[in-house]
Each structure stands twice: as C-alpha cells, then as structure tokens.
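> need a structure here:
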Amino acid sequence: MKINQLQSVLEADFSQEELKHYTISSLCEHAQVSRGAFYYYFHSLNRFLSICLLRRHELLLGQSRHRNLNTQLYFLLKHIDQNKIYYLNVFHFLKHDTDELQILSAQLTDYLKNYCEKRGPYSVYTVERIGRIMFAQIICWLQLGCEPSVREVHRQFMLLIPLIERQADKYPLI
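Numbering: from 1, shown residues only. Down below sits the predicted model:
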C-alpha cells in the first residue's frame, strides 16, 4: 500500500480549498490506488484522515523534542495556523466521528504524559484532563477559522502549563 502517496494526495487536495464533499474514489483515483486496497487497510475515510493527522503530528512534535513544552505547543499551534485550510477540512469530516476525535485527543494527552514522565511523578487524571481541554481549545479555534491569533490560543494553553509543571512537586516519590 502506498500510504505516503495517499497521504500526499490527501494533503494536497485538502490544502487547496474548503471541501464539503470528498470521496474515497477521488482519493484513490488521484493516488492511483484501487478502492479495494484502500478498504483493506482503512475501513473509512475518517479513519484514514485521523491516521494522516497522527502521522503528521508525530513528525512535527518529533522535530521539536529539544524545546520546552511552552515552545512545542506554540510550534504546534503555528503549524495548524499555517495549514489552516487542511485542518479545517479534516475537522469538517471528523466533527461527528467521536471515536476518531478521541484518538487525536489521546495523542496530545500521550504527548503531555511523555513530557511529565521525564519530570517525575504526576497525576494521570490531571494530565488527561489538561490534554482534553487543550484539544477542545484547538477544535474551537479551528471552528472559529483560527480567528484568535496563535498567541491568544497559546496564552490560554499557558494558563494550563503550571498545572502540569507542579506535578512533580505535588506527587513526590515515596
């Protein structure tokens, strides 16, 4: 399966203009992949969209490993803002698919957990709540067409960061 080719075609199609309709047939036709092969690996367009986002964010956040959490979150928001049409299209298709949205939310939460693990003990419950709040803020920001600036959304995130940073002090090793 040519997943990189499929992902490239999808990103090109989703980055040009706001889409209301997009079919697996058009994706497969542009990528020169049979629909049968597509369905063999992915059971729906929504599943493929979430996989593409997961891969994109893994690569993006992997590039920013040497930065602090504050900078990494700003880098992610800046990337979303620069690729606004792509993200608006993806979330247009995923907005009613709670399973796929939960997978994407879990990726952000896992990223925060990995950050916390390096710093010491932490409350999984608190980090999961903060991850869900941040993901919800990103979704709202996208629904508003990325209208508040990246700095404004980042400031909202910065209100949550102290809750993460205090984890090691609050839950010392016994």
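
> Could you list the residues in contact with stretch 128-141?
Outside of stretch 128-141, the residues within contact range by CB atoms under 8 Å, 6 or more residues apart in numbering are 73, 77, 80, 91, 101, 104-106, 108-113, 147-148, 153, 156-157, 160, 163-164. Just so you know, the C-beta spots here come from the backbone N, C-alpha and C atoms, and that holds for glycine as well.

> Which stretches in this structure count as strands?
Assigned strands in the chain: none (criterion: DSSP state E).

> Any regions of it where pLDDT drops low?
1, 64-66, 167-174 (pLDDT under 70).

> Grab the longest helix from it for me.
Assignment by DSSP state H gives helix 98-119 as the longest helix of the chain.

> what helices or strands is that helix leaning on?
helix 45-63, helix 84-94, helix 124-143, helix 150-165, helix 167-170 (3 or more CB pairs under 8 Å, 6 or more residues apart in numbering; DSSP states H and E).

> got the buried residues for it?
100-101, 103-109, 111-113, 115-116 (16 or more other CB atoms under 10 Å).

> Format these as TSV; extra columns: distance to C28.
Formatted as TSV, the buried residues of helix 98-119 follow (distance: CB to CB, whole Å):
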residue	distance to C28
E100	20
L101	24
I103	23
L104	23
S105	28
A106	28
Q107	26
L108	30
T109	33
Y111	32
L112	36
K113	36
Y115	38
C116	41
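
> out of these, which one sits closest to R67?
Checking the buried residues of helix 98-119 against R67 by CB to CB gives Y115 as the nearest, at 10.9 Å.
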